[in-house]
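J.: generate coordinates for the sequence data below:
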Amino acid sequence: MKAQPTPPAPALPHTYLHHIAVQTTDLDNCATWYRDFLGCRRTWATDRFSALTVSRLPGIVRMAELARGDTRFHLFERTATGEGRPRPHETQFQHVCMAVDSPDALRRWRDHWWELARSGRYVFALPDPPTDVVMDDDGVESFYCLDVNGLEFEFTHVPAATP
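T.: Numbering: from 1, shown residues only. All right, here's what the predicted structure looks like:
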């Protein structure tokens, strides 16, 4: 049997990242962290869900959208299912990368993480501190840190290409 060609994907009017969904067992703690660390504001919240949502996310209790500019986070609280890092066979995002416009901004974000973590206002699922700022062979600088749920963020500065 001759292989049939794969049809092309349908055209989209535009492609963009709509939101990043973050599961948490403490919505208030998580929302406060995203507000204070990333400067997000709450745009909506709900505790009412469709049958489809409940079937996909058993134990969902509340959900809120926090946004800064065009970057949106959908934080959803589910009843506790365990603690710590996901087991190796569980699917997860490895990290989300946030770009900054200068090496100084990169260091300010790392300092900001430390300031908030030391405040004692948050409960962290994992005690890991942010990494040092490192530079790769192309001059790209970055550091990694965890949110209150143990999700990893990378903050990076990519220098402008020189002609």
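
J.: which residue ranges make up the domains of the chain?
T.: 15-80, 93-163 (automatic domain parsing).

J.: measure how far the last one is from the centre of its chain, please.
T.: The reference is to domain 93-163. Relative to its parent chain, domain 93-163 has a centroid offset of 12 Å by CA atoms, centre = their mean, to the nearest Å.

J.: can you pull out the strands in the protein?
T.: 20-24, 41-46, 60-68, 71-78, 96-99, 134-135, 141-146, 152-157 (DSSP state E).

J.: with distance to P5 added, can I get the domains of the chain in TSV?
T.: The C-beta positions use only the backbone N, C-alpha and C, and glycine is treated the same way. As requested, the domains of the chain are arranged in TSV below (distance: least, CB to CB, whole Å):
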stretch	distance to P5
domain 15-80	23
domain 93-163	32
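
J.: tabulate those domains (JSON lines), appending mean pLDDT and mean neighbour count.
T.: Listed next are the domains of the chain as JSON lines, based on pLDDT from 0 to 100; neighbours: other CB atoms under 10 Å:
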{"stretch": "domain 15-80", "mean pLDDT": "89", "mean neighbour count": "15"}
{"stretch": "domain 93-163", "mean pLDDT": "89", "mean neighbour count": "14"}
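
J.: partner residues bridging Q23?
T.: F76 (DSSP bridges).

J.: geometric centre of this structure: which residue is closest?
T.: V96 (5.3 Å; CA atoms, centre = their mean).

J.: quick one, helices of the protein?
T.: Assigned by DSSP state H, the helices in the chain fall at 27-38, 51-56, 103-118.

J.: mind putting those helices into TSV with distance to F73?
T.: TSV is the format used below for the helices of the chain (distance: least, CB to CB, whole Å):
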stretch	distance to F73
helix 27-38	6
helix 51-56	17
helix 103-118	16
